[in-house]
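Enquirer: sequence and predicted model, in that order:
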Amino acid sequence: MKKILSALLVVAMLATLVVTFASCKADDDEFKVGFIFLHDENSTYDKNFMDAATAATEALGLDKETQVFFVTNVPEGQECYEKAKELANKGCDVIFADSFGHEDYMIQAAEEFPEVQFCHATGTKAHTEDDLDNFHNAFASIYEGRYLAGIVAGLKLNAMISAGAITADKAKMGYVGAMPYAEVKSGLTAFYLGAKSVCPTVTMDVKYTNSWYDMTKEQEAANALMDGGCVLISQHADSMGAPNACEARNVPNVSYNGSTTAACPKTALISSRIDWAPYFEYMIKQAQEGKEIVDDYTGSLKDGSVKLTALNTAAAAPGTQEAIDAAKAKLIAGELHVFDTDTFTVKGAKVTTYLADVDTDETWQGETEVIKDGYFHESEYRSAPYFDLDIDGITTLQ
Amino acid sequence: MMKTEKKVQEPIFHVVKKDGVVLWRAWLIRAAAIVLALLVCALLILVMTDQTPVEVFESIFEGAIGVRGVNVMALFQSAAMLLCISLAVTPAFKMKFWNIGAEGQVLMGGLAAAACMICLRGVVPNGVLILLIFVTGVLAGMLWGVIPALFKAQWGTNETLFTLMMNYAAMQIVSFFVVKWENPKNSGKIGIINQRGEFKQAGWLPELFDVDYLLNILIVLAVMILAWVYLKYSKQGFEITVVGESENTARYVGINVKKVIIRTMAISGAICGLAGVLLVAGTHHTIAANTAGGNGFTAVMVSWLAKFNPFVMAGVSFFIAFLEKGAGGLATNTGLNASFADIIIGILLFFIIGCEFFLNYRIVVNKQRFSGRLKQKGGE
């Protein structure tokens, strides 16, 4: 009896197979775009991408039902390849994935579907995979946004000094970082340099949580930094851990990804974020017109990819908005460079040459000279950041 | 002296073990349970969303096999992995050894495979490399299974806690190596091992007849048949059953219980290690602390639901893999949250497991007391 049953099960399985293959039919030629997300809208990281994807596809008049496909909760494993393959089979002309760990699986799919364009955020490999013309990376010069947010922090410190709350030599900021990865280091250094541009005595302590999202660890790290004398906190980690800790102790906070003013009205100053809509519009338009998508797309302040949320005037120092606007105009005009080698030192000396590890290979050695014309050329040789210098004034705590 | 009469409180109902239900009847009841579960799901969907139940179940189907069936092999692959781990835990469970540590045993097997792929690429020929991957992976899983068995056999430690804790040890060890081998540097991830370049696909299991995962699936099917023969027809399989029923009986008839415990866990761990190899060298080509994906725990349920029958396990694994993939499709196609898909799976499993209860037990209502209670109520 049991044998018959198992035989029946096998038959049932085979039947599904046959039915599914029999139902194959040709696709229509309508343009389609697919998006692969690591989580769903409950994650601020993915929500940022999802909102941008909705905005971009609506702006371009794509039909939500038939031309745009969202796949959520795709882990950084073989599932990503399977979902990419499925989207390609659905007839998608361009497919995007939002998480760093999706990259290799997107490359795998790109090899299999040469006629479909595969775009990936935060990845590093498109520029070195010369034989893959349909795989592309994208990021944004978020370090410029962080620099501007740093100016907000510096002015706040100045206001605290002039109010007598702290002395100039006590102007120490704290930074909760996710991982000691170039993307984080580039951002925190830019933030520090922004603050230093207006408050010359500022120093900064950094604590890493070794996780991209861990509310408790981020909260603990922020508290430890405040215990260590930090009078202002910023973070590159995705939870509300650090902002909440700051609000509880009335310490000003500069945030990331989205505004925290509603949750932390007393202490939230401003936050920087990447708006992916400009890239999505570019990517879709190029694919629609059959034009090439660049290997590395670096969104900027100019094209609207790098944004600051509304300044919380209740917490920020007076005159801050004017200072941001002025610096932003200079950055856009190219008169000001975030990593100007005149503004920082490494081990007491000015940096005149540096080989950055731009190409992903097994040796992890720098191979590209990135210091030219007096500044570090961040995100120019590939879209993902590669600034990983430890500059003076920033201390990493264990 | 008059004895004060203290009335023994009789329960309104009690549960009685049922004798075997006729097989066709049992399956009819199971089918009815699934239909009932689907109806409850449908009701929930109607109440909570503006989707029709038909649309939702269509999405589940599409999520499971992919549009036009493109992911049907991936579905079989997921089912095969779950089946492999379920087969692995079965000998231990049959012996009433609560091996909750499959997750860790799979991870250790996978870690050994990844280590070979990374450290031995280009050092030995690819055929030898793949052989080494299998050998080290199976041994690593076996080691992780034998350690708690040794402690249990020697000092009578609690194997449930021990195997469970070994999972966390395995996860930490894997995390350590992920940091050691991370690619790119400081990113906290390994990425696909040997994806391109000089060592392209070194240590990857070959693709048979150009069909994705076919080799994995065939290996698991072979393990299924071997497990069935082993449990049903071998002397060792019989010893496992005896030890499981009663250790004292086993001792009385001259079975070396310690030896059986250690041997059985070695087999259990080895098959888990094999699952790890198939996951790392044959599927993901990378390793992370979540590579086993909770299957080590789901397998416990599969093994029990199937009553340790390898062929039924194949069906249950397929069903669960179908539901899990389908739930993902549901979340995607309808814009419903992933948690909603989990709720649907939860309802289905609740009914299925619940019906197993009613197949094995009968509820006997104490009529006297029941009617008495009714009368009381009526009087109020």
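Expert: Here it is on my side, so go on. Residues are numbered from 1 along each chain as shown, chains lettered A, B, ... in the order given.
Enquirer: residue contacts, residue 344?
Expert: Using chain A. A:F344 makes contacts with A:189, A:193, A:196, A:351, A:391-393, as judged by Cβ atoms under 8 Å, 6 or more residues apart in numbering or on different chains. All C-beta atoms are positioned from the backbone trio N, CA, C, and that covers glycine.
Enquirer: that's the wrong chain, I meant chain B
Expert: If a contact means Cβ under 8 Å, 6+ apart, then B:I344 has B:41, B:44, B:56, B:60, B:323, B:327, B:330 as its contacts.
Enquirer: for the lengthiest helix in chain B, name the packing helices and strands.
Expert: Counting residues, the longest helix in chain B under DSSP state H turns out to be helix B:126-155. Here helix B:126-155 touches helix B:102-119, helix B:159-181, helix B:257-279, going by 3 or more Cβ pairs under 8 Å, 6 or more residues apart in numbering or on different chains; DSSP states H and E.
Enquirer: what do you get if the cut-off is 10 Å, keeping everything else the same?
Expert: Contact here means 3 or more Cβ pairs under 10 Å, 6 or more residues apart in numbering or on different chains; DSSP states H and E; on that basis helix B:126-155 packs against helix B:72-94, helix B:102-119, helix B:159-181, helix B:257-279.
Enquirer: can you point out the buried residues in it?
Expert: With burial defined by 16 or more other Cβ atoms under 10 Å in any protein chain shown, the residues of helix B:126-155 counted as buried are B:126, B:129-130, B:132-134, B:136-150, B:152-153.
Enquirer: please apply the same query to stretch B:199-216.
Expert: The neighbour-count check on stretch B:199-216 (16+ other Cβ under 10 Å) flags B:199, B:201-205, B:212-216 as buried.
Enquirer: out of these, the closest to B:Q105 would be?
Expert: The closest of these to B:Q105 turns out to be B:N216 (Cβ to Cβ; 17.6 Å).
Enquirer: surely the closest one is within a strand?
Expert: No - counting by DSSP: H, G, I helix; E, B strand; the rest coil, B:N216 is not found in a strand; it is helix.
Enquirer: my guess is it contacts B:V280. True?
Expert: No - assessed by Cβ atoms under 10 Å, B:N216 is found out of contact with B:V280, at 11.2 Å.
Enquirer: quick check: nearest residue in space to the residue in the stretch 51-200 of chain A that chain B sits nearest to, chain neighbours excluded?
Expert: The stretch 51-200 of chain A approaches chain B most closely through A:D104 (3.7 Å), counting by Cβ to the nearest Cβ. Spatially, and ignoring its direct neighbours in sequence, A:D104 is nearest to B:I192 (3.7 Å; Cβ to Cβ, 6 or more residues apart in numbering or on different chains).
Enquirer: count of neighbours near the one you found?
Expert: 21 (other Cβ atoms under 10 Å in any protein chain shown).
Enquirer: in terms of helices and strands, where is it?
Expert: Using DSSP states H and E, B:I192 falls within no helix or strand.
Enquirer: distance-wise, check it relative to A:E115.
Expert: Distance of B:I192 to A:E115, given as Cβ to Cβ, to the nearest Å: 22 Å.
Enquirer: quick check: residues of the stretch 51-200 of chain B near chain A?
Expert: B:61-79, B:175, B:179, B:182-193, B:195-199 (Cβ under 10 Å from any Cβ of the partner chain).
Enquirer: got a PyMOL select line for the buried ones in these?
Expert: To isolate the buried ones among these in PyMOL, judged by 16+ other Cβ under 10 Å, type:
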select buried, chain B and resi 61+62+63+64+65+66+67+68+69+70+71+72+73+74+75+76+77+78+79+182+183+184+186+187+188+189+190+191+192+193+195+196+199
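Enquirer: how's chain B carved up into domains?
Expert: B:23-70+B:323-336+B:346-359, B:73-308 (automatic domain parsing).
Enquirer: phi, psi of A:A262?
Expert: Dihedral pair for A:A262: phi -60, psi -40, per degrees, to the nearest 10.
Enquirer: do you know how far B:I363 is from B:V16?
Expert: Counting by Cβ to Cβ, the gap from B:I363 to B:V16 is 8 Å.
Enquirer: residues that sit against both of these two, list them.
Expert: With contacts taken as Cβ atoms under 10 Å, 6 or more residues apart in numbering or on different chains, B:I363 and B:V16 have no neighbour in common.
Enquirer: returning to what we had before: dump the domains of chain B to CSV, plus distance to A:T66 and mean pLDDT.
Expert: Shown next, in CSV, are those (distance: least, Cβ to Cβ, whole Å; pLDDT from 0 to 100):
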stretch, distance to A:T66, mean pLDDT
domain B:23-70+B:323-336+B:346-359, 12, 78
domain B:73-308, 24, 86
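Enquirer: residues in contact with A:S271?
Expert: By Cβ under 10 Å, 6+ apart, the neighbours of A:S271 are A:145-146, A:149, A:152, A:234-235, A:243, A:253-261, A:307-312.
Enquirer: if you set the cut-off to 8 Å instead, what comes out?
Expert: Neighbour list for A:S271: A:149, A:254-260, A:308-309 [criterion: Cβ under 8 Å, 6+ apart].
Enquirer: for A:M240, same thing?
Expert: A:215, A:260, A:263.
Enquirer: what is the nearest of those to chain B?
Expert: Nearest to chain B among the contacts of A:M240, with distances taken as Cβ to the nearest Cβ, is A:M215, at 17.9 Å.
Enquirer: I'd say that closest one and A:A242 touch.
Expert: No - counting by Cβ atoms under 8 Å, A:M215 sits too far from A:A242 to count as a contact (9.3 Å).
Enquirer: compare these two (neighbour count), which wins?
Expert: A:A242 (35 against 16).
Enquirer: count residues in the vicinity of the residue in the stretch 201-350 of chain A that chain B sits nearest to, would you?
Expert: Using Cβ to the nearest Cβ, A:N210 is the residue of the stretch 201-350 of chain A that sits closest to chain B, at 7.2 Å. Using other Cβ under 10 Å, A:N210 has 13 neighbouring residues.
Enquirer: now it: which helix or strand?
Expert: Using DSSP H and E, A:N210 sits in no helix or strand.
Enquirer: so who does the residue nearest in space to the middle of chain B touch?
Expert: Centroid-nearest residue in chain B, with Cα atoms, centre = their mean: B:A299, separated by 0.9 Å. Going by Cβ under 8 Å, 6+ apart, B:A299 touches B:82, B:85-86, B:88-89, B:102.
Enquirer: gap between it and chain A?
Expert: Here the criterion is Cβ to the nearest Cβ, to the nearest Å. By it, B:A299 lies 18 Å from chain A.
Enquirer: isn't A:A52 up against A:A277?
Expert: Yes - if you go by Cβ under 8 Å, A:A52 and A:A277 touch, sitting 4.2 Å apart.
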